[in-house]
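Asks: just a sequence and a predicted model for now, questions to come.
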Amino acid sequence: MQRYFIPESSVTVGETMILDQEISHHMLKVMRNQVKESVYLVSAEQMLYEAVLIEEVDKKAKVKIKQQLATPSTELPINVTIACGLSKNDKLDWIVQKGTECGMSAFIPIALQRDVVKWPAKKVTQRIERLQKIAKEAAQQSYRLKVPKVDSYTSFKQLLDLSKEYDHLFVAYEETAKNNELKTLLVAHESLRFDDKVLVVFGSEGGFNPTEITQLEEVGFIPIGLGPRILRAETAPIYYLATLSYISEMMNKPFT
C-alpha cells in the first residue's frame, strides 16, 4: 500500500481531509487509486494512519481516516547526517535516494577543494529542492516515518562550525584503509548511544585535500576506513549506512 507524508500534526480517526495537489496527483494519476481503496498517511508527528479514498474534488483526493496503526520502527537507532562533496551527473540524486532508504536522517552537500563540480549560486535553491523531493519519495517508498532533511549547500568552514552540534564526528578517508586500519569503523562506533547525532563526511570523486583532513581532525573528526577496497564517491555513503544498519539492527547491538 502506498505511503504519503502529510503536513498535518493533528489527525482524528473518522475525519475527512483533502490532500494536497502533489499527493493527489500521485494517488489519482500515477497510482490510479480508485474510490474505497486505502493508502497510508504519516502525520507530522510521525503517526501512521490508514485512509480510504472517498472521491475526487477539483482534481484533489478526499479521504477519510479509517484507523490509526501501530508504527513499527523503521528508523535507525541513531541520527546520521551524511555530508558529501559534489559529484558529477546524477550521483548526488542516487546518494540521497539510497541514503534515505538506508536510514540517514539528513544530508548536507558541501564544497571541497577537489570537487570537480561547482553549483552556481542561482541554481542552488533548485538543486536543493530537487534533492529534498527525492528524499521524500524515497522515504515514502521505504516506509520511513520521517523524511531526511536536505540542508543548503555548505562551505567547508560552515561544516566545521556545524560539527559542534553533533555527538560524534567521522570522516571516511581512503588513506585510513590503505594503512590497514580496517577496524577503525567498528572501534569508533562502540561509543554510540541511542538517539546520538552523528555527522559523517565523504569526499567527491577528487577526494580530500590533506589540509581538509587536518582541519577536520582538529575539530574532532575521527578518520574511518571502509574496508580494503577503494569505493566510488557515490558508493561510500551507502556502504557506511549499510554497515551501521547491520551493526545496530541485524546484530542487535544495544544503543543504550
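Replies: Nice, I can see it.

Asks: contacting residues for Leu244?
Replies: Listed by Cβ atoms under 8 Å, 6 or more residues apart in numbering, the contact set of Leu244 reads 76, 78, 80, 103, 189. Backbone N, C-alpha and C define where each C-beta goes, glycine included.

Asks: quick check: pLDDT value at it.
Replies: Leu244 is assigned 90 on the pLDDT scale.

Asks: closest one to Ala236 out of the contacts of Leu244, please.
Replies: Minimum distance to Ala236 across the contacts of Leu244 is 13.5 Å, recorded for Val80 (Cβ to Cβ).

Asks: quick one: the closest one and Val198 touch, right?
Replies: Yes: between Val80 and Val198 there is a contact at 4.9 Å, judged by Cβ atoms under 8 Å.

Asks: out of these two, which sits in the busier spot?
Replies: Looking at Val80 and Val198 with other Cβ atoms under 10 Å, you find the greater number of neighbours at Val80, namely 27 against 21.

Asks: how about residues contacting the helix or strand where that one lies?
Replies: Val80 belongs to strand 79-85 when assigned by DSSP states H and E. With contacts defined as Cβ under 8 Å, 6+ apart, strand 79-85 is touched by 92, 95, 99, 103-112, 114-115, 154, 159, 166, 195-204, 206, 233, 237, 240-241, 244.

Asks: ok, which stretches of the protein are helices?
Replies: Taking DSSP state H, the helices of the chain run over residues 21-25, 91-101, 124-141, 156-162, 174-178, 184-188, 210-218, 236-245.

Asks: neighbours around Lys146, how many?
Replies: Burial of Lys146 is recorded as 14 neighbouring residues (other Cβ under 10 Å).

Asks: what's the nearest residue to it if we skip its chain neighbours?
Replies: Gln46 (5.8 Å; Cβ to Cβ, 6 or more residues apart in numbering).

Asks: how many neighbours does that neighbour have?
Replies: Quick note: Gln46 (other Cβ under 10 Å) scores 13 neighbours.

Asks: over to Lys133?
Replies: Look at Lys133: counted by other Cβ under 10 Å, it has 15 neighbours.

Asks: and the gap between it and Leu216?
Replies: Taking Cβ to Cβ, to the nearest Å as the measure, Lys133 falls 30 Å from Leu216.
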